[in-house]
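[1] With the sequence up front, the predicted model follows.
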Amino acid sequence: MREEILRMENVTCKYDGITFLDHINLNIFKGEIMGLIPINSQGKSWLFNLLCQNYPIDYGRIYINNQLVNYYEHSAYNRNRVYIIEKKSKLIQDLSVSDNIFVLKRGFRKYIINRKVLNKQVNLFLEEMNVSIDPDELVMNLNSYEQCIVELLKAIISGSKLIVISDISNILSVVDLSKLLDLIKSYSEKGFTFLYVGNHHEEVFKICDRVALMKDGRIIRVLDEKELTEDNIKAYTISFEDAKPSAPKYDGQGILKFENVSTNHLKNMSFTIEKGECVVFFDTNNMIYSDLLQIMNGEMMPGQGEIIWNQKRFTSKLAKNALENGIAVIVENATVNMLFQNLSYVENLYFLIERKLKSVKNKSKVLKSIITEYENIVGQEIYETDISKLGLTSLYNLVYYRIHLYKPKVVFCLQPFSGADMYLRKHIADLIRELKRKGIAVIILAVSISDTLTIADRFLVIENGSIVKEFSKEKFSSLRSIV
């Protein structure tokens, strides 16, 4: 009989009249890689919190390693031996690898632990993983993949009963993700147990033994290994196709051109971006995006090659006024990093236009004009004075319609679908299409192929800083073979 590591029986959690977990039933066995696909985001964070610590629940029971750890009549608040590896690292950045793995509090190490002993243990595990990391290296100097390895090692050494891997493909290149998945498979064969959480079934199906589908705080179906097919998932997905007429094409109106451009990470890169098109830059090594963005905002100039912007040579002077010259950026997690909580909805919408106009004699008149134009698009939320009251969909509207209003010639979108559930990803895709309809070129910088193909006109594959393949929309069906 298989050993059960986790069993949740009818677990229900409510708060402020909202049911976040609704009679959750889930079991995971020792040595299994169990998948979880949250069709929407409801209940996901609550589930993670309950796995790690025994908070009060309204109904049900939770067993870990066949021991009852939490039930509706009594919650001890104690922590469980569960470790979650996700986008935001839990490691202390200014401590070494060894200190992060073994030491709980700074200042204690030199009194109770011999560094040579620790490093020897760490090296044994790293050699087994075929990973080269110096145990004395500060975590802040490690890349995303190396930090994931350190967290995985910490979970294994600490004896975690369940290791949760959540949305990790948002920060890892395809190459690094493949290596991490191989390690997960290897450790599952040694008896370690994993819950692999991802928004895309293509990714989750590759590695998991079974997959649970979660929606509105409920497990609505569990797919066994033989059921992990496109046909079985289709009923739980929505179409990302454009419901509106396609954006117009502007062939021959190139606005951005790179000619043999090289930096530390770009290698003889050449491409042309046309007005109103959407091009995906798919970097299999996740190494070029910083250089590319630094060039466009004037923080770096290429060591060789030439850049043509809007029929003119791209200079450092032009780059330092990138936004005023029609180059915009939407960063990852844009609702957190690009909006101002102290400003109203319409003032946030107006923020970039104010920079373009520089001196505005009648600001109230401009704001009134913006409200008139966008009320029919976003509705009554345009009158909201406290944007913290808005949901994610409304906040993404604000991010993208601010760009829509400003109307740059090109916008760079860094990982636009990162961390979003299926419904929000569909909405973001539609917002990008609205930019295209206005003639704005969209460059998507991505490390994951998922979702981008529904909105892209071209797809560039980049390896080790060079463009190695280019796919037109007509050839997207062959793209799956490269990831």
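    On my side now, so go ahead. Please read all numbers here as calculations on a predicted model, not as lab measurements. Numbers count the residues shown, from 1 in each chain.

[2] Give me the mean pLDDT for stretch 215-234.
    Averaging pLDDT along stretch 215-234 yields 94.

[3] just how off-centre is stretch 346-357 within its chain?
    The chain centre lies 27 Å from the centre of stretch 346-357; the measure is C-alpha atoms, centre = their mean, to the nearest Å.

[4] where does this protein dip in pLDDT?
    For the chain, the stretches flagged by pLDDT under 70 are 104-113, 251-252, 358-360, 480-483.

[5] Mind splitting it into its structural domains?
    4-234, 254-482 (automatic domain parsing).

[6] Save those domains as a markdown table, and put in mean neighbour count and distance to Asp242 too.
    For the C-beta atoms, the positions are set from N, CA and C on the backbone; glycine is no exception. Listed next are the domains of the chain as a markdown table, based on neighbours: other C-beta atoms under 10 Å; distance: least, C-beta to C-beta, whole Å:
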| stretch | mean neighbour count | distance to Asp242 |
| --- | --- | --- |
| domain 4-234 | 17 | 19 |
| domain 254-482 | 17 | 6 |
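
[7] Tabulate those in TSV, adding columns for distance to Phe240.
    Formatted as TSV, the domains of the chain follow (distance: least, C-beta to C-beta, whole Å):
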stretch	distance to Phe240
domain 4-234	12
domain 254-482	4
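
[8] Out of these, which gets nearest to Glu241?
    Glu241 lies closest to domain 254-482 among these, at 6.7 Å (C-beta to C-beta).

[9] how about Lys226, what does it touch?
    Contact analysis of Lys226 by C-beta atoms under 8 Å, 6 or more residues apart in numbering lists nothing.

[10] what about it, distance to Glu189?
    Per C-beta to C-beta, to the nearest Å, Lys226 is found 20 Å from Glu189.

[11] Same question for Asn362.
    70 Å.

[12] Repeat that for Leu172.
    As judged by C-beta to C-beta, Leu172 and Glu189 stand 22 Å apart.

[13] The residue lying farthest from the centre of the chain in helix, strand or coil?
    Distance from the centre of the chain peaks at Lys361, with 41.3 Å (C-alpha atoms, centre = their mean). Using DSSP: H, G, I helix; E, B strand; the rest coil, the secondary structure recorded for Lys361 is coil.

[14] next one: phi and psi at the residue nearest in space to the middle of the chain?
    Nearest to the mean C-alpha position of the chain, counting by C-alpha atoms, centre = their mean, stands Ser418 at 2.7 Å. In terms of degrees, to the nearest 10, the main-chain angles of Ser418 are phi -60, psi 120.

[15] Tell me the spacing between the closest residue to it other than its chain neighbours and Ile84.
    Of all residues not flanking Ser418 in the chain, Asn170 sits nearest, at 4.4 Å (C-beta to C-beta, 6 or more residues apart in numbering). Asn170 is 15 Å from Ile84, where distance means C-beta to C-beta.

[16] what's Glu375 in contact with, if anything?
    Applying C-beta under 8 Å, 6+ apart, the residues near Glu375 are Ile382.

[17] State the distance from it to Tyr401.
    The gap separating Glu375 from Tyr401 is 11 Å, by C-beta to C-beta.

[18] Quick check: can you name the pairing partners of the helix or strand encompassing Val69 and their directions?
    For Val69, the host element (DSSP states H and E) is strand 67-71. For strand 67-71, the paired strands and their directions (DSSP bridges) are strand 59-64 (antiparallel), strand 74-75 (antiparallel).

[19] Of all the ones you listed, which one is nearest Leu453?
    strand 59-64 (39.5 Å).

[20] Could you pull out the strands in the stretch 1-150 of the chain for me?
    Using DSSP state E, counting those that start in this stretch, the strands of the stretch 1-150 of the chain run over residues 4-15, 18-29, 33-38, 59-64, 67-71, 74-75, 82-85.

[21] List of residues touching the fourth one?
    Taking C-beta under 8 Å, 6+ apart as the criterion, the residues outside strand 59-64 that touch it are 4-12, 23-24, 50, 54, 68-72, 80-82, 161-162.

[22] repeat that with 7 Å
    Applying C-beta atoms under 7 Å, 6 or more residues apart in numbering, the contact partners of strand 59-64 are 5-12, 50, 68-72, 80, 161.

[23] ends of stretch 312-321, how far apart?
    Terminal residues of stretch 312-321 lie 15 Å apart, using C-alpha to C-alpha, to the nearest Å.

[24] Give me the contacts around it.
    Under the contact criterion C-beta under 7 Å, 6+ apart, stretch 312-321 has outside partners 296-298, 301, 306-309, 325.

[25] Of those residues, which belong to strands?
    306-309 (DSSP state E).

[26] between these, which is nearest Val461?
    Of all those, Val461 sits closest to Ile307, with 21.1 Å by C-beta to C-beta.

[27] Now do the closest one against Leu118, distance only.
    In terms of C-beta to C-beta, Ile307 sits 49 Å off from Leu118.

[28] Check Leu293 too.
    Distance from Leu293 to Leu118, by C-beta to C-beta: 38 Å.

[29] Return the residues in contact with Ala441.
    Contacts for Ala441 (C-beta under 7 Å, 6+ apart) come out as 255, 273-277, 409-410.

[30] my guess is Met214 contacts Asn40, does it?
    No - using C-beta atoms under 7 Å, Met214 is not in contact with Asn40, being 8.3 Å away.

[31] how far out from the middle of the chain is stretch 187-199?
    Offset of stretch 187-199 from its chain centre (C-alpha atoms, centre = their mean): 20 Å.

[32] one step back: I figured the residue nearest to Ser418 was touching Lys87, is that so?
    Yes - assessed by C-beta under 7 Å, Asn170 is found in contact with Lys87 at 5.7 Å.

[33] Overlap in contacts, the two.
    Common neighbours of Asn170 and Lys87 (criterion: C-beta under 7 Å, 6+ apart): Gly419.

[34] List the contacts of Gln253.
    Going by C-beta under 7 Å, 6+ apart, Gln253 touches 274-275.

[35] ignore the last one, Glu277
    For Glu277, counting by C-beta under 7 Å, 6+ apart, the contacting residues are 441, 457-458.

[36] which one among these gets closest to Ile157?
    Ile157 lies nearest to Arg458 out of the contacts of Glu277, by C-beta to C-beta, at 45.6 Å.

[37] Could you export stretch 45-55 as CSV, CA atoms only?
    What follows is stretch 45-55, C-alpha atoms only, in CSV (Å, rounded to 0.1, in the frame of the first residue of the first chain):
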residue,chain,number,x,y,z
SER,A,45,-2.4,31.3,-1.3
TRP,A,46,-4.7,30.0,1.4
LEU,A,47,-3.8,26.4,0.4
PHE,A,48,-0.1,27.2,0.6
ASN,A,49,-0.5,28.9,4.0
LEU,A,50,-2.4,25.8,5.3
LEU,A,51,0.2,23.4,4.0
CYS,A,52,3.0,25.3,5.8
GLN,A,53,1.2,26.1,9.0
ASN,A,54,-1.8,24.9,10.8
TYR,A,55,-4.1,27.9,10.8
